[in-house]
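[1] the following comprises the amino acid sequence and a computationally predicted model.
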Amino acid sequence: VSSQPSGIDCGTSCSANYASGTSVTLTVTPASGQMLSAWGGACAGTASTCVVEMTAARSVTATFAPLSASGSWTAPTGIRQILLATRGVDDVALSANGDAVVVWAEQDSGVSNDSVWGIRYSNGTWGTPTLLETGGGTVFNPKVAMDASGNATVVWKQRGGGIHLDVYAARYDVSSGWGTATLLENITSAVNGGFTDSHDVAMDPAGNAIAAWSQRIGVEEYIHVSRYTPAGGWSAAEALESNIPSQGEFGSNPQIRMDGSGNAVLVWSHGIFSTRLHAKQFSPTGGWTATFTDLGPGALHNLAINATGDAALIAPARDNSTQPLGVAVWQYSASSGWNVTPTVVDTGRVGDVVAAPKIAIDNTGNVTAMWLQPDSGGKDSVFGNRRPAGGSWGTPQLLEASNTEDAQAGIALGSDAAGNVFALWPQAVSSLFEAKQWVSRFAISSGAWETPTTLHPNNNSITVPVLAVNPGGKAIAVWIRQETFGTGPVEIVASFFQ
């Protein structure tokens, strides 16, 4: 860690005196094979520089973590037996320090309601599954995010009577454990609700969080947000959309991502019969941008951001009305904003893209896209494409080792800080309910995708997987399996790349 003005050169000189009012810029230069995991003290986030205002004595820490150049997947470990397999695992998060949290909706014993459950992994051990709410109404699609220290935030919707859906959050604090559920929305009358999957949550390394959701007001849907800070808790819910009569008031599928300094990018679908993608940005000092950016037609989008605030967005799109449905990518620069003209990345397609495509971006700015699309033989197959930082998109590449069976919807993609990328997908074996989970890794050192491998030997996966990758190159995949389909226990299992 070095400073400007000079004085700090740590390892050797880790303290210095400066005149009151001096702005000191600290810069980290990680050793080979290492990365900045998080600033601490008077600095926060994971950006390579931090400015410290010397209005008083200040203390700063910089924590580093290894960049994973290689590793292997562990054998799947059962972490919870459940009653029904059809609901699946909803989400997983993996912090920079290697802690993980898995969340899912599980049917209550003897009743038809689902409740939110969570389980935490730390120091090589899974904890005890924990019920996160006692609201009584069935829950939908819990989402989870984590900070660099292992704190977690979970957000979900819960039936409150009739069509009414409430938005709740629960937090895990490393010093005190799980807290009680908090109602986030500011309107709770019986006519208000929302889409069951239209909510999301993100956290920055310092523990700040933002929840986003669609909320029904009368017969229309609006995007709302609430921000959590460790010092102040949750803010009042804030509506981000204005009236757009020509498009209809129908905001859905908000996706929120935060960078290493607490800035955020939010993208959602707006409209009813013809949806458009809208975007807003947040900064800790300036709040939300006053107006949204209209990115054009789109839905089923996926958003990714890196530690410096650059982002990429992917969604199905068409070159023209005569072409099959393809894949388009938009780029966001933290310094210059959105490029509203997307790039079509699935050249040579023979059929419509199947389900929602996925996107990842590393700290250098390399972007990876992944999607499901028929191959020349008519099988639904997994494809990938990459755009190196400052370069152009390449040629789509088939990621599967074998395309004799259809790959299934539920693909997942994630990148570490250095650019190692994990692609995960289920592939049918003998029925719609039996599949193997396959994974391939793009190694930044070789510049190539590794041979796909299955995460388990038996054809027993009965839900799609979820995936999380941390900045240091560790990954976790979670899904539900039954050793013999139709008989025996149903359990949530997890596998780590480490």
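    Noted; the coordinates are in hand. Keep in mind that this is a model prediction, so the values were computed, not measured. Residues are numbered from 1 along each chain as shown.
[2] what residue ranges in the stretch 201-350 of the chain score low on pLDDT?
    218-219, 242-249, 319-321 (pLDDT under 70).
[3] again, only this time at 80
    Applying pLDDT under 80 to the stretch 201-350 of the chain flags residues 216-221, 241-249, 272-274, 318-324, 348-350.
[4] is residue 46 in a helix, a strand, or coil?
    Reduced to three states with DSSP: H, G, I helix; E, B strand; the rest coil, the structure at residue 46 is coil.
[5] could you pull out the helices for the stretch 351-498 of the chain?
    With DSSP state H, counting those that start in this stretch, there are no helices along the stretch 351-498 of the chain.
[6] need the nearest residue in space to residue 413, chain neighbours excluded.
    Spatially, and ignoring its direct neighbours in sequence, residue 413 is nearest to residue 358 (3.8 Å; CB to CB, 6 or more residues apart in numbering). Quick note: C-beta positions are derived from backbone N, CA and C, even for glycine.
[7] so the one you found touches residue 372, yeah?
    No: contact criterion CB atoms under 8 Å: residue 358 and residue 372 do not qualify, at 9.5 Å.
[8] beta partners of the residue nearest to residue 413?
    Counting by DSSP bridges, residue 358 forms beta bridges with residue 370.
[9] would you mind measuring from it to residue 415?
    To residue 415, residue 358 is 11 Å away according to CB to CB, to the nearest Å.
[10] again with residue 296
    Distance from residue 296 to residue 415, by CB to CB: 25 Å.
[11] so these two - more neighbours on which side?
    Between residue 296 and residue 415, counted using other CB atoms under 10 Å, the more crowded position is residue 415 (25 against 14).
[12] what bridges to that one?
    For residue 415, the residues forming beta bridges with it (DSSP bridges) are residue 421.
[13] which SSE is residue 205 in?
    Here residue 205 sits in a region with no helix or strand, counting by DSSP states H and E.
[14] isn't it right up against residue 146?
    No: in this structure, residue 205 is not within contact of residue 146 by CB under 8 Å, at 9.5 Å.
[15] so what's the residue count around residue 220?
    Residue 220: 15 surrounding residues under other CB under 10 Å.
[16] hey, where'd the helices end up in the stretch 101-250 of the chain?
    Taking DSSP H, counting those that start in this stretch, the stretch 101-250 of the chain contains no helices at all.
[17] so where's the stretch 51-200 of the chain uncertain?
    Low-confidence segments of the stretch 51-200 of the chain, defined by pLDDT under 80: 64-70, 83-88, 108-112, 135-136, 160-164, 186-197.
[18] try it again at 70.
    66-69, 83-87, 110-111, 161-163, 186-197.
[19] repeat that for the stretch 351-498 of the chain.
    By pLDDT under 70, the low-scoring segments of the stretch 351-498 of the chain are 403, 430-433, 457-462, 483-488.
[20] tell me which stretches of it form strands.
    Listed in chain order, the strands of the stretch 351-498 of the chain (DSSP state E, counting those that start in this stretch) span 354-361, 367-374, 380-387, 397-398, 412-415, 421-431, 434-443, 448-449, 453-454, 466-469, 475-484, 487-497.
[21] so what sits against both of residue 358 and residue 372?
    Both residue 358 and residue 372 are contacted by residue 411, under the criterion CB atoms under 8 Å, 6 or more residues apart in numbering.
[22] count of neighbours near residue 399?
    By other CB under 10 Å, 21 other residues sit near residue 399.
[23] grab the nearest non-local neighbour of it.
    Among residues not flanking residue 399 along the chain, residue 382 sits closest, at 4.6 Å (CB to CB, 6+ apart).
[24] can you redo the strands of the stretch 351-498 of the chain as a markdown table with distance to residue 105?
    Compiled in a markdown table, these are given as follows (distance: least, CB to CB, whole Å):
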| stretch | distance to residue 105 |
| --- | --- |
| strand 354-361 | 20 |
| strand 367-374 | 24 |
| strand 380-387 | 27 |
| strand 397-398 | 34 |
| strand 412-415 | 18 |
| strand 421-431 | 19 |
| strand 434-443 | 20 |
| strand 448-449 | 34 |
| strand 453-454 | 27 |
| strand 466-469 | 13 |
| strand 475-484 | 12 |
| strand 487-497 | 12 |
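[25] quick one, which of those is nearest to residue 38?
    Of all the strands of the stretch 351-498 of the chain, the one in closest proximity to residue 38, counting by CB to CB, is strand 466-469 (16.5 Å).
[26] what pairs with the closest one, and is each one parallel or antiparallel?
    Applying DSSP bridges, strand 466-469 is found paired with strand 475-484 (antiparallel).
[27] could you give the angle of the strand it pairs with to strand 421-431?
    10 degrees (axes from the mean of the first three to the mean of the last three CA atoms, to 10 degrees).
[28] can you give me the angle strand 475-484 makes with strand 434-443?
    160 degrees.
[29] strand 475-484: which residues count as buried?
    Buried residues in strand 475-484, defined by neighbour count with 16 or more other CB atoms under 10 Å: 475, 476, 477, 478, 479, 480, 481, 482.
[30] check stretch 29-47 too.
    For stretch 29-47, by 16+ other CB under 10 Å, it's 30, 35-40, 42-47.
[31] what would these look like in CSV with distance to residue 80 and pLDDT?
    Putting those into CSV (distance: CB to CB, whole Å; pLDDT from 0 to 100) gives the following:
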residue, distance to residue 80, pLDDT
30, 37, 84
35, 32, 77
36, 34, 80
37, 29, 74
38, 30, 76
39, 35, 83
40, 34, 83
42, 41, 91
43, 38, 88
44, 34, 79
45, 34, 73
46, 32, 73
47, 37, 75
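[32] now render these as TSV, adding distance to residue 311.
    Output for the buried residues of stretch 29-47, formatted as TSV (distance: CB to CB, whole Å):
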residue	distance to residue 311
30	23
35	20
36	20
37	21
38	20
39	21
40	25
42	27
43	23
44	20
45	16
46	15
47	15
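[33] closest one of those to residue 490?
    Residue 490 lies nearest to residue 37 out of the buried residues of stretch 29-47, by CB to CB, at 36.4 Å.
[34] does the closest one touch residue 473 like I think?
    No: using CB under 8 Å, residue 37 makes no contact with residue 473, being 11.8 Å away.
[35] sorry, back to before: and the residue nearest to residue 399, how far is that from residue 408?
    Note on residue 382: its distance to residue 408, by CB to CB, is 10 Å.
[36] who has more neighbours out of these two?
    Applying other CB under 10 Å to residue 382 and residue 408 shows that residue 382 carries more neighbours, namely 25 against 19.
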